[in-house]
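Asker: this is a predicted model, with the sequence first.
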Amino acid sequence: MNLQILADKSAVCRAAATQAANAIRNAIGQRGDARIIAATGSSQLEFLEILTGLTDIAWNKVELFHLDEYIGLSADHPASFRRYLREHLIQKTGITSYHLLEGDKDPAEVMRRVGAALQSAPIDIAFTGLGENGHLAFNDPPADFATKEPFILVNLDIASRRQQVEEGWFPTLEQVPQRAISMSIWQILQAKAILCIAPEARKAQAVKECFEGKVSPLHPASSLRTHPNVTVYLDESSASLLNQAPLRSSL
């Protein structure tokens, strides 16, 4: 695992966007198209703003998937990840090939349809964040490391739901849905390359647990240490509790 510790969130987002753009350009150059997975949430906003502003990316040759979506939330809800991606990625780039998780439709059918498309060819690069409880996508602890289903239904724990309120996506905890569709840990790890963007001091404890503790379902993002091509971008705040560079491990 390649750990990058930069001065601040802006530096993290600039560096990650540069690497992401190069990966997309290289895939298009080698094969004629690129397949990507995008994360959502406040930690990804500046990264996506920089990435979508870079030139010479043939976005019409990019196929997009995303990590998760709330069950029961309409596509126009302010906290909907479909709305987020439309506003911050799809509309800015003109991507025409995308597969959105419709959380207000039959979850089984949505997971089957999008999962089949996802597994039809390799993913070139996945962008992820890191939850304050160590979650990866919406795989809260203890995460299912065993399933090979592309998407799973998950129950969101209280820490994960509270984070959504604190980030301003919902006014109250009661309004945060209790269930979501999430890409599985196994499926995320099938991407050829993964960028994990995790700045800010509020992520510091999770960063320490996931990248210095044991690889464990209790620390879902620790699973990234088992992948041969992961870059984790931290700022000085989110890296403040680390004692040593993390080592690659195996599940």
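Answerer: Cool, got the structure.
Asker: next, the buried residues of stretch 179-192.
Answerer: Neighbour-count burial for stretch 179-192, counted by 16 or more other C-beta atoms under 10 Å, picks out Ala180, Ile181, Ser182, Met183, Ser184, Ile185, Trp186, Gln187, Ile188, Leu189, Gln190, Ala191. Glycine gets a C-beta too; all of them are placed from N, C-alpha and C.
Asker: let me fix that: stretch 17-25
Answerer: Ala17, Gln19, Ala20, Ala21, Ala23, Ile24.
Asker: want to try a markdown table for these, with distance to Ser240, pLDDT and secondary structure as columns?
Answerer: Below are the buried residues of stretch 17-25 laid out as a markdown table (distance: C-beta to C-beta, whole Å; pLDDT from 0 to 100; DSSP: H, G, I helix; E, B strand; the rest coil):
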| residue | distance to Ser240 | pLDDT | secondary structure |
| --- | --- | --- | --- |
| Ala17 | 23 | 98 | helix |
| Gln19 | 23 | 98 | helix |
| Ala20 | 25 | 98 | helix |
| Ala21 | 28 | 98 | helix |
| Ala23 | 28 | 98 | helix |
| Ile24 | 31 | 98 | helix |
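Asker: quick one on the thing from earlier: return the member of the buried residues of stretch 179-192 nearest to Gly94.
Answerer: Nearest to Gly94 among the buried residues of stretch 179-192: Ala191, at 23.3 Å, using C-beta to C-beta.
Asker: surely Met1 meets Ser222?
Answerer: No. The criterion here is C-beta atoms under 8 Å, and Met1 misses it with Ser222 at 10.4 Å.
Asker: the stretch 101-250 of the chain: strands as residue ranges?
Answerer: Taking DSSP state E, counting those that start in this stretch, the strands of the stretch 101-250 of the chain run over residues 125-128, 151-155, 179-183, 193-197, 230-235.
Asker: in the stretch 1-150 of the chain, where is pLDDT below threshold?
Answerer: Within the stretch 1-150 of the chain, the set of residues satisfying pLDDT under 70 is empty.
Asker: per-residue pLDDT, Ser250?
Answerer: Looking at Ser250, its pLDDT stands at 47.
Asker: picking that back up, Gln164 is nearest to which of the strands of the stretch 101-250 of the chain?
Answerer: Using C-beta to C-beta, the nearest of those to Gln164 is strand 179-183, at 10.4 Å.
Asker: for the closest one, packing partners?
Answerer: strand 68-70, helix 107-118, strand 151-155 (3 or more C-beta pairs under 8 Å, 6 or more residues apart in numbering; DSSP states H and E).
Asker: ranking the ones you listed by burial, who's on top?
Answerer: With neighbours taken as mean count of other C-beta atoms under 10 Å, the helices and strands packed on strand 179-183 reach their highest mean count in strand 68-70, at a mean of 25.
Asker: tell me the helices and strands packed up against that strand.
Answerer: By 3+ C-beta pairs under 8 Å, 6+ apart, strand 68-70 packs against helix 81-85, strand 179-183.
Asker: chain center to the first one, what's the gap?
Answerer: Read that as helix 81-85. 13 Å (C-alpha atoms, centre = their mean, to the nearest Å).
Asker: again with the last one
Answerer: Once both centres are worked out by C-alpha atoms, centre = their mean, strand 179-183 turns out to sit 12 Å from its chain's centre.
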